[in-house]
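Peer 1: Attaching a predicted model along with its sequence, questions to come.
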Amino acid sequence: MIPNMKDVDMVSLSLDSSFKFDCHKGLSCFTKCCSNIDILLTPYDIVRLKNRLGMLSGLFLLNYTYIDIDEKTSHPFVFLKMADDKERKCPFVSEEGCTVYSDRPANCRYYPVGQASLKKMNEQLKIPYTEEFYFFVREDHCKGFQEDRDWTIRSWREDQEAALYDDINRPWKEILFRRNLPGNELDEKKQKAFYMVSYDIDRFRDFVFKSGFLDKFEVPDSLLERIQRDEIELLHFAFSYLKYILMMEETLKLKGRSS
Ligand code: SF4
Ligand code: SF4
């Protein structure tokens, strides 16, 4: 979710920060947060949603998303397409709530908490690391902050299963973070590759198994077997390949080339 900056509480929160909040059908604001919003989708969001809807990633992307090319980095980002009318409702909202609740995107899980990352340096080891931090999004319509249920950011993340999404998406976010430097812009060919590898997991699977990919790269049989049967392993392999094509790390070995 890209929050409106006027609603962002600029106080940076840690995992132990506490707050009171509850969200339930009895509130007058129920589902008001599911309209007129920009929900940024991560690779794992798309895997969960396309499986929930029983469709291939390509069809999901076509029917439910739009692309926005980030001006600064030239990375293509994917957003959930809202209804094309004044209300701009999420396609998955109903009077009863979210119809894809157990597979809702990470940003919906976190709300009303927002999450961001900072690049830091471990001065002792002289290695950069990413520190995640949190903040509140306090929109006028959201009555949940007036409820009397205690949370910490940690217990909220666990309850919403947001930590699982973070764990799976973290290597992808690290790639974005490392590339967020002037001069790292992607040309059109790389933008298309970035899009397929990050979001169109079923096309990426075909690319690995049905194109000349395996004639070109050495991939151990055990890894091939894992990525064939497990979509999360495939996603991690996709992130590795992304690092390779963005020339960040030699994560893959060309056939016939000694190391
Ligand atoms: S995916 Fe579900 S929780 Fe997220 S905005 Fe849509 S209806 Fe609301
Ligand atoms: S309490 Fe906040 S998060 Fe819950 S339905 Fe209302 S607006 Fe949405």
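Peer 2: Cool, the structure landed. Residues are numbered from 1 along each chain as shown. Ligands and ions are numbered 1, 2, ... in the order given.

Peer 1: what about the protein, any weak spots by pLDDT?
Peer 2: 1-3, 5-6, 9-10, 128, 179-183, 257-259 (pLDDT under 70).

Peer 1: Can you give me the distance of the residue nearest to the spatial centre of it to residue 177?
Peer 2: Of all residues in the chain, the one closest to the mean position by Cα atoms, centre = their mean is residue 42, 2.0 Å from it. Distance from residue 42 to residue 177, counting by Cβ to Cβ, to the nearest Å: 13 Å. All C-beta spots, glycine's among them, are computed from the backbone N, C-alpha and C.

Peer 1: Go through stretch 33-50 and flag the buried ones.
Peer 2: Of the residues in stretch 33-50, 33-34, 37-39, 41-50 count as buried by neighbour count, 16 or more other Cβ atoms under 10 Å.

Peer 1: Go through those and flag which are in strands.
Peer 2: residue 41 (DSSP state E).

Peer 1: Among the buried residues of stretch 33-50, which one lies nearest to residue 240?
Peer 2: Distance to residue 240 across those (Cβ to Cβ) is lowest for residue 43, with 12.7 Å.

Peer 1: Give the burial count for residue 62, as a bare number.
Peer 2: Taking other Cβ atoms under 10 Å as the neighbour definition, residue 62 ends up with a count of 12.

Peer 1: Okay, buried residues for the strand or helix carrying it please.
Peer 2: Per DSSP states H and E, residue 62 falls inside helix 57-64. Neighbour-count burial for helix 57-64, with 16+ other Cβ under 10 Å as criterion, is recorded at 57, 58, 60, 61, 64.

Peer 1: Contacts (any at all) between ligand 1 and that helix?
Peer 2: No. On the criterion Cβ under 6 Å from any ligand atom, helix 57-64 is out of touch with ligand 1, staying 9.9 Å away.
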